[in-house]
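>>> requesting a structural model of the entry that follows:
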Amino acid sequence: IIERKTTDRILVLFVFLCFATAMGSFIYYIMHFKEVTESYKHAKTIPVVIEHIRYSLMLTIAFFCSIVLYISSPIIKTPLTKKIITGMGLFIFIFLHILSIRSGLLALYATAFIWLLVMIIQKRDKRFLLLIPAALVFPVIMYWFVPSLHNKVEYMVRDITRFASGKSVNNYSDGNRLLSMKIGTEIGLEHPVLGVGSGDVEQEMNKAYETQYPDIDPHNRLIPHNQFVYIFTALGFTGLFIFIICLLLPVFTKEIFTDVFCLSVLVSSYSSFLSEATLEVQQGIVLVSLLFSLAYIRIYSKG
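So this is what the prediction gives:
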């Protein structure tokens with residue numbers, strides 16, 4: 001059996017790499033503050049080392065990983081190491097709001113909320129209830145004081161409004177994503193039992209774009225930007241039912257709710273499915289499988 005010290009050394013390295021890369025992006029943001037802040041009004045983000053959605057999920061997991069290391073790691077014992085891991089965790093938390101990627105922020109607060117509920121139920125300590133209002137108020141404060149987050153929200157509202165009004169969403173990032181979900185759902189309903197097959201999803205989507213939405217440029221034509229919709233389009237209700245059952249199985253593993261790192265991997269993965277076809281890209285598969293495997297190994301490790 002792998003020792004807890006071994007897994008925790010890997011986690012410390014993971015947190016440090018996330019911290020270091022986030023610091024690099026933050027320095028770039030400070031040096032190009034006006035340009036980057038303005039770019040958030042046009043679906044751009046602070047440059048990061050990998051695709052920004054997967055990166056924001058990694059940062060969320062790294063933040064909760066720092067909490068686990070601080071609380072229970074056998075290698076984070078001295079006051080100095082605790083201060084270092086706390087500092088890295090706090091910076092990652094703040095940078096997540098500056099980066100302002102919805103998937104990462106949703107995963108962050110969803111994990112925090114579920115973790116607080118678990119702590120309240122397990123420890124029967126109502127003082128944890130006081131943290132819930134703080135968790136609700138903090139993102140509102142950040143909205144008013146972090147320009148990139150403010151611009152991101154305004155951009156999102158504009159895109160959603162445009163999509164809802166039936167206007168063309170060509171070259172509108174969020175609008176294109178919503179349209180891809182709409183088209184994917186319609187195709188799935190035309191083939192409700194077994195779907196069109198994973199290999200034909202892109203082809204069927206392109207046909208729908210050409211016939212129903214010819215105003216959408218080819219480079220803006222997307223596969224369904226929702227893992228559930230993608231599964232429904234590809235495999236119908238049959239595949240969607242099996243997929244949801246598979247997702248529910250880990251929820252009934254009580255050990256997951258005793259470890260916030262494992263919980264954060266689970267919630268981050270699942271929440272990303274709402275806005276991305278995470279499992280249809282290599283980075284998404286690696287993120288989910290590697291970190292979830294590491295979280296499970298740590299739970300059952302010695303020490």
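>>> only C-alpha atoms from now on, for both contacts and neighbour counts.
OK.
>>> can you count the residues close to residue 78?
8 (other C-alpha atoms under 10 Å).
>>> could you do residue 262 as well?
26.
>>> hmm, it is touching residue 295, no?
Yes - between residue 262 and residue 295 there is a contact under C-alpha atoms under 8 Å: 5.0 Å.
>>> show me what counts as buried in the helix or strand harbouring residue 229.
Here residue 229 sits within helix 227-248, counting by DSSP states H and E. Going by neighbour count (16 or more other C-alpha atoms under 10 Å), the buried part of helix 227-248 is 227-237, 239-240, 243.
>>> how about stretch 275-288?
Result for stretch 275-288 [16+ other C-alpha under 10 Å]: buried residues 275, 276, 277, 278, 279, 284, 287, 288.
>>> just give me how far the helix holding residue 229 sits from the chain centre.
19 Å (C-alpha atoms, centre = their mean, to the nearest Å).
>>> name the helices or strands packed onto that helix?
helix 173-190 (3 or more C-alpha pairs under 8 Å, 6 or more residues apart in numbering; DSSP states H and E).
>>> CA atoms only: put the helix it packs on into CSV for me.
Presented in CSV, the C-alpha positions along helix 173-190 are these (Å, rounded to 0.1, in the frame of the first residue of the first chain):
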residue,chain,number,x,y,z
SER,A,173,-18.7,32.7,-27.5
ASP,A,174,-21.4,31.9,-24.9
GLY,A,175,-24.2,32.3,-27.4
ASN,A,176,-22.5,29.7,-29.7
ARG,A,177,-22.2,27.3,-26.8
LEU,A,178,-25.9,27.6,-25.9
LEU,A,179,-26.8,27.2,-29.6
SER,A,180,-24.7,24.0,-29.8
MET,A,181,-26.6,22.6,-26.8
LYS,A,182,-29.9,23.5,-28.4
ILE,A,183,-29.0,21.8,-31.7
GLY,A,184,-27.6,18.7,-29.9
THR,A,185,-30.8,18.3,-27.9
GLU,A,186,-32.9,18.6,-31.1
ILE,A,187,-30.8,15.9,-32.9
GLY,A,188,-31.0,13.7,-29.8
LEU,A,189,-34.8,14.0,-29.8
GLU,A,190,-34.8,12.9,-33.4
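>>> quick check: mean pLDDT of it?
In this model, helix 173-190 has a mean pLDDT of 94.
>>> and the angle for that helix with helix 227-248?
70 degrees (axes from the mean of the first three to the mean of the last three C-alpha atoms, to 10 degrees).
>>> now what about helix 173-190, what contacts it?
Applying C-alpha atoms under 8 Å, 6 or more residues apart in numbering, the contact partners of helix 173-190 are 43, 156, 159-160, 162-163, 169-170, 195-196, 204-205, 208, 220-226, 229-230, 232-234, 236, 275.
>>> 6 Å - rerun?
159, 163, 169, 195, 222, 224, 225, 232, 233, 236 (C-alpha atoms under 6 Å, 6 or more residues apart in numbering).
>>> out of these, who's nearest residue 254?
Proximity of the contacts of helix 173-190 to residue 254 (C-alpha to C-alpha) peaks at residue 232, which lies at 29.1 Å.
>>> list the residues that contact that closest one.
188, 240.
>>> let's go with 8 Å and repeat that
Contacts for residue 232 (C-alpha under 8 Å, 6+ apart) come out as 184, 185, 188, 192, 195, 239, 240.
>>> the last one and residue 95, how far apart?
To tie it back to what came earlier, the one meant is residue 240. 35 Å (C-alpha to C-alpha, to the nearest Å).
>>> how about the third one?
When distances are taken as C-alpha to C-alpha, residue 188 and residue 95 turn out to be 38 Å apart.
>>> what about those two, which has more around it?
residue 188 (24 against 18).
>>> pLDDT weak spots in the protein?
Scanning the chain for pLDDT under 70 picks out 1, 125, 302-303.
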